[in-house]
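*Asks:* please find the sequence and the predicted model below.
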Amino acid sequence: MIEMQGVSFGYHGSGELLSDMTISLQPGSFHFLTGPSGSGKTTFLRLCYAELLPSGGRLNAFDQDVTTLGRDGIAALRRRVGVVHQDPQFLDHLPVAENVALPLTVAGQPIDMEELKALLSWVQMTGHARAMPPEISGGERQRAALARAVILSPDLILADEPTGNLDWEMSMRILQLLVELNRSGKSVLIATHDLNLIRAAKAMVSARVLRIAGKSLQLAGADL
Ligand SMILES: Nc1ncnc2c1ncn2[C@@H]1O[C@H](COP(=O)(O)OP(=O)(O)OP(=O)(O)O)[C@@H](O)[C@H]1O
């Protein structure tokens, strides 16, 4: 679903940040992306959903070259990719349930209340459905963000440090949800520098670990 062939990227005005990356994210796969702070993990995710375009190489998303996509093509691609940002943002004047349903509203699709309830229950947010975003905790924000990321039934879920700043128990809950999504057939890519999280996941799911080192992307060995 995501195919990179010699992809490079640099932010305008600075040198190359990521260089010569070749990777294939297959349907149903589970990947971690790790690397030091500032190495380009978030940037890599942004390339995957065409928020950034490569400066070199070829990047196909769902069999389409991202550099040839027009506005509609990019919108269609984004509907197939659910993103959980490092610091999820919500509309603070809308209750959690409405924030979770927002991608449907934006896509002009009707909200199926039963499905919304089931989704909130899956992320254990039923009791907070009417809460306003400023009233919920960090772990609850991450769970609401995950529900929002999957409400359009994407094929690929990208999660950027979804357990950053969370305690171990909450991190495991989030990881379990991502593993469940993968078991239901979705591809998952988690950017994290938490090696304990990766070790815990490896007991639950067959995951590959990608590492950004010295601008390039490597497949990490079993030495974690
Ligand atoms: N919009 C931008 N314009 C210019 N430089 C940027 C921009 N966004 C990020 N960078 C720079 O690119 C580098 C990689 O940033 P990125 O956020 O991708 O790293 P990261 O590995 O996700 O970091 P962290 O683990 O700290 O979240 C950093 O040096 C950052 O300052």
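*Replies:* Structure's in. What do you need?
*Asks:* just list what the top helix by length along the chain packs against, helices and strands only.
*Replies:* Secondary structure of the chain per DSSP state H: the longest helix is helix 168-183. Applying 3 or more C-beta pairs under 8 Å, 6 or more residues apart in numbering; DSSP states H and E, one finds that helix 168-183 contacts helix 138-150, strand 156-160, strand 187-191, helix 195-202. In short, each C-beta sits where N, CA and C put it, glycine included.
*Asks:* list the buried residues for the last one?
*Replies:* It refers to helix 195-202. 197, 198, 201 (16 or more other C-beta atoms under 10 Å).
*Asks:* looking at those residues, which is nearest the ligand?
*Replies:* Comparing those against the ligand with C-beta to the nearest ligand atom places residue 197 closest, at 13.5 Å.
*Asks:* show me what contacts that closest one?
*Replies:* With contact set as C-beta atoms under 8 Å, 6 or more residues apart in numbering, residue 197 has these partners: 32, 163, 171, 175, 190.
*Asks:* contact residues of the protein facing the ligand?
*Replies:* Residues of the chain lying near the ligand by C-beta under 6 Å from any ligand atom: 11, 14, 17, 35, 37, 38, 39, 40, 41, 42, 43, 193.
*Asks:* those in helices, which ones?
*Replies:* 41, 42, 43.
*Asks:* now for the nearest residue to the second one once chain neighbours are set aside, how many residues are close by?
*Replies:* Here the nearest residue to residue 42 in space, its sequence neighbours aside, is residue 160; by C-beta to C-beta, 6 or more residues apart in numbering that works out to 5.6 Å. Other residues near residue 160 number 21, with proximity taken as other C-beta atoms under 10 Å.
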